[in-house]
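A.B. asks: Pasting a predicted model and its sequence here:
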Amino acid sequence: KVLSWNVSGINSDKKWNVIRDRVSESCCDVICLQETKRSHFDAMFIRQFCPPVFYQCEFLPSNGASGGSIIIWKSSIFSGSLVFQNEYASSVLLSSAHNNASWILTNIYAPCTPSGKKDFVEWFQNIQMPDNVDWFIVGDFNLYRNPSDRNKPGADYPDILMFNVAISALGLVEIPFKGQRFTWSNKQHPPLLERLDWFFTSPSWTISYPNTNASTLIMETSDHVPCLIDIST
């Protein structure tokens, strides 16, 4: 199980207990956090919000007080190594300690500005991933696929088209999603709600893990809903 969550900053001790609760209740084996707003992680800091079984990690430092992401996994279940990192994403090769199965996990935190979105999508759609690789992509894309992924009028149709063209170019498969319809709220009254968090796989993944699905957990401390992806053969 993989927990994916834009935590909107992780430097406040008020958030640590909430994150630990979501980690514990989800029984996850891998944690992908976005928008950490933190430039460095070490074992001591990770202990603030993770049980001790989460020992290994790869993180993308924040740019000042914005951005940043981290992938953390149980070292008793996986060995992992960083295979790629840039300003938008980190990709880790995870290998099972039980059966030596391996797959690439990419944790995305995309920009929210118009120019940043275009630059991100241009990079994203040109990723060269071999067809036989089990590839799993999670994160906050700051884009939605359909006008219905927003609870109010005003959908950005050029962005929708741009995002869907990139997904099609990569041949990605969207993971079935259940739970709350929208994953982000501006927390105003009445709120603007959007689906900004997405989960995709390569076609080969659907053969290796055909019953993979995603669901939402309780929203706390962040403007994004935590999501749990259950990987199953």
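C.D. replies: Yes, it's here.

A.B. asks: Name the nearest residue to the spatially most central residue of the chain, ignoring sequence neighbours.
C.D. replies: Residue closest to the average C-alpha location in the chain (Cα atoms, centre = their mean): Gly139, at 2.3 Å. Using Cβ to Cβ, 6 or more residues apart in numbering and skipping the chain neighbours, the partner closest in space to Gly139 is Ile108 (3.1 Å). From N, CA and C alone the C-beta is placed, and that goes for glycine too.

A.B. asks: which residues does the one you found form a beta bridge with?
C.D. replies: As for beta bridges, Ile108 partners with Ala89, Gly139 under DSSP bridges.

A.B. asks: Next, the contact list for it, please.
C.D. replies: 34, 69, 88-89, 137-141 (Cβ atoms under 8 Å, 6 or more residues apart in numbering).

A.B. asks: Could you do Ser69 as well?
C.D. replies: 32-36, 59-60, 89-90, 107-109, 139 are the contacts of Ser69 under Cβ under 8 Å, 6+ apart.

A.B. asks: if you set the cut-off to 6 Å instead, what comes out?
C.D. replies: 34, 60, 107, 109 (Cβ atoms under 6 Å, 6 or more residues apart in numbering).

A.B. asks: From Gly116, how far off is the last one?
C.D. replies: It refers to Tyr109. The spacing between Tyr109 and Gly116, counted by Cβ to Cβ, to the nearest Å, is 11 Å.

A.B. asks: And the third one, by the same measure?
C.D. replies: Here Asn107 is placed at a distance of 17 Å from Gly116 (Cβ to Cβ).

A.B. asks: Neighbour count: these two, which is higher?
C.D. replies: The residue with more neighbours, out of Asn107 and Gly116, is Asn107; 28 against 14, by other Cβ atoms under 10 Å.

A.B. asks: Can you give me the neighbour number for Glu25?
C.D. replies: For Glu25, the neighbour count with other Cβ under 10 Å is 13.

A.B. asks: what secondary structure does it sit in?
C.D. replies: helix (DSSP: H, G, I helix; E, B strand; the rest coil).

A.B. asks: Ser95 too?
C.D. replies: Ser95 - assigned by three-state DSSP - is strand.

A.B. asks: List the beta-bridge partners for it.
C.D. replies: Assessed by DSSP bridges, Ser95 has beta-bridge partners Ser79, Ser102.

A.B. asks: is it true that it touches Ser81?
C.D. replies: No - using Cβ atoms under 6 Å, Ser95 is not in contact with Ser81; the gap is 8.4 Å.
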